[in-house]
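> This is a predicted model, with the sequence first.
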Amino acid sequence: MKKFVLIISSIVLISIVSLEANAQVRFGGGLAYGEEVRELGITANALFGLSEIVDFQLSFTYYFVPSPITIWELNFDGHYNFTEPESTDIYVLTGLNILHFGFNFEIFGSPNGFSTND
């Protein structure tokens, strides 16, 4: 799984670096609420206009959960736009979501941890 994530991340970074100079880039952020997590989070995203009809979006969300637990997610999304940018946005969305859940605990005074990516 880690090798797969590394390969996908490398492809995405290469794609972003090779964007033309006239590509549109938009940044944003906001609050998030995880339905399964049931906690508030903060999110940041960037949308890269690769062409007139294809966009790529990268977003990261960190959830504010109680102390021994950490939860965050990373999203890679591709948009295929059917309409002009000035009108209502209708698009097909495809993407990859990486969810991280971590739990830190102590056994006999020694810090240990557990984390998983889903």
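Thanks, I have the structure now.
> so where do the helices sit in this protein?
Along the chain, counting by DSSP state H, helices occupy 2-17.
> Can you show me the strands along it?
Ranges of strands within the chain are 24-34, 39-49, 54-63, 69-81, 91-107, 110-117, based on DSSP state E.
> Now mean pLDDT and mean neighbour count too, for those strands, in a markdown table please.
Where you see a C-beta, it was placed from the backbone N, CA and C, and this is true even at glycine. Putting the strands of the chain into a markdown table (pLDDT from 0 to 100; neighbours: other Cβ atoms under 10 Å) gives the following:
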| stretch | mean pLDDT | mean neighbour count |
| --- | --- | --- |
| strand 24-34 | 89 | 12 |
| strand 39-49 | 92 | 16 |
| strand 54-63 | 92 | 18 |
| strand 69-81 | 90 | 16 |
| strand 91-107 | 83 | 12 |
| strand 110-117 | 58 | 10 |
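> Quickly list what the residue lying closest to residue 57 once chain neighbours are set aside is bridged to.
By the measure of Cβ to Cβ, 6 or more residues apart in numbering, the closest residue to residue 57 outside its immediate chain neighbours is residue 77, 4.3 Å from it. Note on residue 77: beta-bridge partners by DSSP bridges are residue 57, residue 95.
> List the contacts of stretch 36-50.
Residues outside stretch 36-50 that contact it (Cβ atoms under 8 Å, 6 or more residues apart in numbering) are 15-16, 19, 23-34, 55-65, 71, 75.
> I'd like the distance between residue 47 and residue 94.
Note on residue 47: its distance to residue 94, by Cβ to Cβ, to the nearest Å, is 15 Å.
> With residue 25 instead?
Residue 25 is 20 Å from residue 94, by Cβ to Cβ.
> ok, now how distant is the nearest residue in space to residue 74 that is not next to it in sequence from residue 49?
The shortest distance from residue 74 to any non-neighbouring residue, by Cβ to Cβ, 6+ apart, is to residue 98 (4.5 Å). Distance of residue 98 to residue 49, given as Cβ to Cβ: 23 Å.
> Fine, thanks again, bye for now.
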